[in-house]
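Trainee: quick one, what's the 3D model for this:
(one chain, ligands or ions: 1)
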Amino acid sequence: MSPHSDSGHEHGHHHTDIDWEVMAGQLENSGELQLPVLRRTADRLRGLLDPEKEVRRILDIGSGPGVMTCVFAEAFADAEAVAVDGTPGLLDRALTRAERLGLGGRVAVRHAELPGGLDSGDEHGGLGTADLVWSSRAVHHLGDQQGALNALAGVLRPGGLLAVAEGGLPMRFLPRDIGIGRPGLQARLDASLEHWFEVMRAELPGSTTVVEDWPAMLSRAGLTDVGSFASLLDLPAPLGETARAFLHTHLTRLRETASESLDVEDRNTLDVLLDPGAPEGILRRPDAFLLSATTVFTGVRSAR
Ligand SMILES: C[S@@+](CC[C@H](N)C(=O)[O-])C[C@H]1O[C@@H](n2cnc3c(N)ncnc32)[C@H](O)[C@@H]1O
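Mentor: Residues are numbered from 1 along each chain as shown. Presented below is the predicted three-dimensional model:
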């Protein structure tokens, strides 16, 4: 979903530390819901590559459970797609998923802690180079975002494409007035997530601030033909079970990690939304929907 929809668990010393293993099911559900968008995105990325260029190797950096890695393997029949992540349990999921989809031969996984894991090029266990490098909602988990983009651009082969999904719009899933508490809850949830996000970034090792002008950052990473496009996920009410389960987990995490800045009334509203037995709860209410926009920023490494 949006980059702000991944608030993790209370864990360790900082309330913004994220336990990615615990997030596995949620990340895979999110990917499943986004499948139409991911497939469209793969097609658009193909259109941005030189038609003469052969795509032999694709890296999905910060892949999570590998939903997009598998979409790439399906969309680029001659390519090996490699899921790269710092969380072994997520890479196991990526492999299981690839096997289940009959893509086992063309999906590989590599465990790497970023950004260091990108540095070593082809030799000595580095990640090697690629014709297409994709990274969705991972760069914002690294302290030095410009440094991360520079490293991602550095593994591109000549004529290769870097595509980074960041920004977009916060997702919407409830009407303004939901009949419980004060109207406008979603805007206040966005504000509290924004606060959580800011603390999360400040606590990252080597945290640096940068104007998040992604096209300018891609240009500074040495890429050309820089641009962006956005895709909409529009699941109207009434929602199916996967979407409801996704929203329930999303609200649970929000209640646990990012509700400090909400008032008592809003926290009570969240409790009603989370109650599995309540007709007004997110698992049962008829008006819940899912609307989100993902923005993808792209740049090309010149062929010369
Ligand atoms: C929000 S999830 C995004 C997953 C997937 N790309 C998507 O868009 O759904 C962020 C991913 O980045 C990985 N990650 C976060 N920090 C990392 C780091 N320093 N090194 C390697 N992987 C990292 C996490 O394990 C997680 O799978």
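
Trainee: contacts and neighbour counts: CA atoms only from here.
Mentor: Noted.

Trainee: contact residues of this protein facing the ligand?
Mentor: Within the chain, the residues that sit near the ligand (C-alpha under 6 Å from any ligand atom) are 6, 20, 27, 31, 62-64, 85-87, 112-114, 136-138, 141-142.

Trainee: now intersect those with the helices, please.
Mentor: Among the residues of the chain next to the ligand, the ones falling in helices (DSSP state H) are 27, 31.

Trainee: which residue ranges of the stretch 151-300 of the chain form strands?
Mentor: Applying DSSP state E, counting those that start in this stretch to the stretch 151-300 of the chain gives strands spanning 156-165, 169-172, 224-235, 290-300.

Trainee: point out where the stretch 51-200 of the chain drops to low pLDDT.
Mentor: Applying pLDDT under 70 to the stretch 51-200 of the chain picks out residues 120-125.

Trainee: try it again with 90
Mentor: Along the stretch 51-200 of the chain, segments meeting pLDDT under 90 span 115-126.

Trainee: where do the helices of it begin and end?
Mentor: Ranges of helices in the stretch 51-200 of the chain, per DSSP state H, counting those that start in this stretch, are 67-75, 88-100, 145-154, 185-202.

Trainee: out of these, flag the one nearest Asp271.
Mentor: Ranking the helices of the stretch 51-200 of the chain by proximity to Asp271 (C-alpha to C-alpha) places helix 185-202 first, at 12.8 Å.

Trainee: show residues contacting that closest one.
Mentor: Contacts to helix 185-202, defined as C-alpha atoms under 8 Å, 6 or more residues apart in numbering, come from residues 4-5, 7, 16-17, 140-143, 170, 172, 174, 176, 207-208, 254, 257-262, 266.

Trainee: okay, that helix in PDB with CA atoms only?
Mentor: What follows is helix 185-202, C-alpha atoms only, in PDB (Å, rounded to 0.1, in the frame of the first residue of the first chain):
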ATOM      1  CA  LEU A 185     -10.800   9.700  11.400                       C
ATOM      2  CA  GLN A 186      -8.700   8.800   8.400                       C
ATOM      3  CA  ALA A 187      -7.000  12.200   8.100                       C
ATOM      4  CA  ARG A 188      -6.100  12.000  11.800                       C
ATOM      5  CA  LEU A 189      -4.700   8.400  11.300                       C
ATOM      6  CA  ASP A 190      -2.600   9.800   8.400                       C
ATOM      7  CA  ALA A 191      -1.200  12.500  10.700                       C
ATOM      8  CA  SER A 192      -0.300  10.000  13.400                       C
ATOM      9  CA  LEU A 193       1.300   7.700  10.900                       C
ATOM     10  CA  GLU A 194       3.300  10.600   9.500                       C
ATOM     11  CA  HIS A 195       4.600  11.300  13.000                       C
ATOM     12  CA  TRP A 196       5.500   7.600  13.400                       C
ATOM     13  CA  PHE A 197       7.200   7.700  10.100                       C
ATOM     14  CA  GLU A 198       9.300  10.700  11.000                       C
ATOM     15  CA  VAL A 199      10.500   9.100  14.300                       C
ATOM     16  CA  MET A 200      11.200   5.900  12.500                       C
ATOM     17  CA  ARG A 201      13.400   7.700   9.900                       C
ATOM     18  CA  ALA A 202      15.200   9.700  12.600                       C
END
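
Trainee: from the ligand, how far off is the spatially closest residue to Ala98 that is not a sequence neighbour?
Mentor: Leaving out its chain neighbours, the residue that sits closest to Ala98 by C-alpha to C-alpha, 6 or more residues apart in numbering is Gly104, at 5.0 Å. Applying C-alpha to the nearest ligand atom, to the nearest Å, the value for Gly104 to the ligand is 19 Å.
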